[in-house]
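1. 3D model of this:
(one chain, ligands or ions: 1)
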Amino acid sequence: MVSAPNSAQDEIRHGNTAPTASGAGRGVEKRTIDMVPDGERHGTPKSQFTLWFGVNMQITAVVNGALAIVFGADVVWAIIGLFIGQVIGGAVMALHSAQGPALGLPQMISSRAQFGVYGAALPLFLVLLLYFGFAATGTVLAGQAINNAFGVQSRWIGILVFAALTAIIAMFGYDLIHKLGKVSSTIGLLGLLYVAVRLFQVSSFGPQLTDVHFSVVPFLLSIALAAGWQLTYAPYASDYSRYLPRDTKFGSAWFGPFAGSVLGATISMTLGVFIAAAGGQAFIGDQVGFMGNLAQNRVLAILVFISIVIGKLTINTLNAYGGVMALSTALSGFTGKSSVSPKTRFGFVIGFNVVVVLTALAASSDFLQVFKSFILTLLMFFLPWSAINLLNYYLICRGCIDIPALYTPRGRYGKLHWPTIVVYLLGVVVQIPFISQAFYVGPVAAAMGGADISWLVGLVVTALVYFPLGRRAFDYPLEIVYPKDVELDPSIVSR
Ligand SMILES: Nc1ccnc(=O)[nH]1
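-> This next block holds a predicted model:
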């Protein structure tokens, strides 16, 4: 990049021309866990908006909103509570995303700067479970939508078709995922808007709509539902912003994903609130069928089903892509490799989806309920990870990561940083008394009448305990240390 004239550099950096053949390109992505050089940076924060908006145009977000009503909130306070939760959770999620342009690295590898190169295998393993759990449940739902759309009876056909679509897009990688985000933003939104219009045409809303009564427990639950939803995106975040130009302003790198995810989830969950208020227990029982039944005729029902599939496809591609990234990162910590070949990545994508398909096929609806609580429980493990990762990056080392040291246990971050692991586990355990879930209500939550603030406790307590320890953890560099073999444009001053 040193010799390119400025205008050409500008074009490449701001996405007007195809990036070089070695990068995300217009075809199959070549990179995985290695740093993205300046010559391959492209895209704008606007693409972050459409990706995160599209990711939230999904049926599961609608269900999440409906749960606020099912658990006792009234319409007005459910909508307010959900919105507050989106803003808090979305703000945290977007802080992870904003690391992407500066470092050019996927999300979870940056955990090595706090946990050590081997120590990061702990959050990596958990994130792999999270991706896998979401992928299996999402594949069951989208499989139903495919079968409903095409009038297919055999359950496995929808599941297999959806997994194949997911795998193909995940293999192409970053650029195709962003394109899909644009498509699902539009189609998913149109689908949800149509369902909303039909809902208002056919429903007489019960007393729920006029009965405004504030009640603390369901209000806090609404906040928790939305904050938890947004916070599950934290481990995904910078995987999808790491090709943005290195000098992308922090403000826009943060605002794109924040606005997209908050606005998208607000639309989906508000629809869920209205569906549940219109008497939507039936919706929770048969989510896909309920949406299709709202359509005026078979053709429109098919379009609704297709919009459900496209909405689910976006997030599910992220699950497969992120799952493979987590797997590659975890393994590379032990093999000492700093990159993974596209062939290996393809193999991982296929392997991931085969296991997902087998799980989805084996799943009964009962199992899905249990699995969902399991995934929500996993969130407990990501709040402390989020707090540690963000505090370290923004307040302790202030963005100055030693990137080559992330790839070797002999570097500054070492093999295993025990204090971080202990604080991390403490951050998980401290939430237990505050949990209020179907399967367990902690003593503090019970004393508070069932209000669940465990997510806030997990974030805040971890941050308070980690901060003094983290400051002394490593000999932090004063600026970002870049790998020697990654070509960087000297005219770019990283922010
Ligand atoms: N974080 C996520 C939320 C919902 N669905 C997913 O697949 N992933």
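
2. so what pLDDT did residue 463 get?
-> Note on residue 463: pLDDT of 97.

3. that one: what's it in contact with?
-> 387, 391 (C-beta atoms under 8 Å, 6 or more residues apart in numbering). Every residue, glycine included, has its C-beta placed from N, CA and C.

4. and it, which helix or strand is it part of?
-> helix 454-471 (DSSP states H and E).

5. where does the chain have low pLDDT?
-> By pLDDT under 70, the weakly predicted segments of the chain are 1-26, 206, 280, 365-369, 371-372, 494-495.

6. now the closest residue to the ligand within the stretch 201-350 of the chain. Its backbone dihedrals?
-> Closest residue of the stretch 201-350 of the chain to the ligand, C-beta to the nearest ligand atom: residue 232 (3.6 Å). Per-residue torsions, residue 232: phi -70, psi -20 (degrees, to the nearest 10).

7. go ahead and confirm it touches residue 382.
-> Yes - taking C-beta atoms under 8 Å as the definition, residue 232 is a contact partner of residue 382 at 6.9 Å.

8. burial count for residue 430?
-> The number of residues packed near residue 430 is 19, by other C-beta atoms under 10 Å.

9. thinking it is in contact with residue 457, fair?
-> Yes - between residue 430 and residue 457 there is a contact under C-beta under 8 Å: 6.1 Å.

10. what's the longest helix in the chain?
-> helix 298-335 (DSSP state H).

11. got the residues of the stretch 201-350 of the chain near the ligand?
-> 232-233, 315, 319 (C-beta under 6 Å from any ligand atom).

12. neighbour-wise, give me the winner out of those residues.
-> Busiest of these [other C-beta under 10 Å] is residue 233, holding 27 neighbours.

13. give me every residue that touches that one.
-> Contacts for residue 233 (C-beta under 8 Å, 6+ apart) come out as 52, 55, 93, 261.

14. looking at these, which two lie furthest apart in space?
-> 55 and 93 (10.8 Å; C-beta to C-beta).

15. intersection of neighbour lists for these two?
-> 233, 261.

16. residue 34 belongs to a helix?
-> No - counting by DSSP: H, G, I helix; E, B strand; the rest coil, residue 34 is not found in a helix; it is coil.

17. pretty sure it is in contact with residue 338, am I right?
-> Yes - using C-beta under 8 Å, residue 34 is in contact with residue 338, at 5.7 Å.

18. tell me which of those two has more neighbours.
-> Using other C-beta under 10 Å, the more surrounded residue of residue 34 and residue 338 is residue 34, with 21 against 18.

19. not counting sequence-adjacent ones, nearest residue to that one?
-> residue 339 (4.2 Å; C-beta to C-beta, 6 or more residues apart in numbering).

20. so the one you found, which state does it fall into?
-> coil.

21. the nearest residue to residue 259 once chain neighbours are set aside: which element?
-> Distance criterion C-beta to C-beta, 6+ apart; nearest residue to residue 259, sequence neighbours excluded, is residue 49 at 5.7 Å. In the assignment (DSSP H and E), residue 49 maps to helix 45-55.

22. other SSEs contacting that helix?
-> helix 174-202, helix 250-277, helix 298-335 (3 or more C-beta pairs under 8 Å, 6 or more residues apart in numbering; DSSP states H and E).

23. how does it look with 10 Å?
-> helix 75-97, helix 99-103, helix 174-202, helix 250-277, helix 298-335 (3 or more C-beta pairs under 10 Å, 6 or more residues apart in numbering; DSSP states H and E).

24. quick one on the thing from earlier: need the overlap of contacts for residue 430 and residue 457.
-> residue 383 (C-beta atoms under 10 Å, 6 or more residues apart in numbering).

25. distance of residue 133 relative to residue 403?
-> 31 Å (C-beta to C-beta, to the nearest Å).

26. and residue 446, by the same measure?
-> 47 Å.

27. so these two - more neighbours on which side?
-> residue 403 (22 against 12).

28. show me what contacts that one?
-> With C-beta under 10 Å, 6+ apart, residue 403 has these contacts: 34-35, 103-105, 109-110, 113, 338, 411, 477, 480-483, 486.

29. selection in PyMOL covering whichever of these are buried, please.
-> Typed into PyMOL, the line below selects the buried ones among the contacts of residue 403, using 16 or more other C-beta atoms under 10 Å:
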select buried, resi 34+35+103+104+105+109+110+113+338+411+480+481+482+483
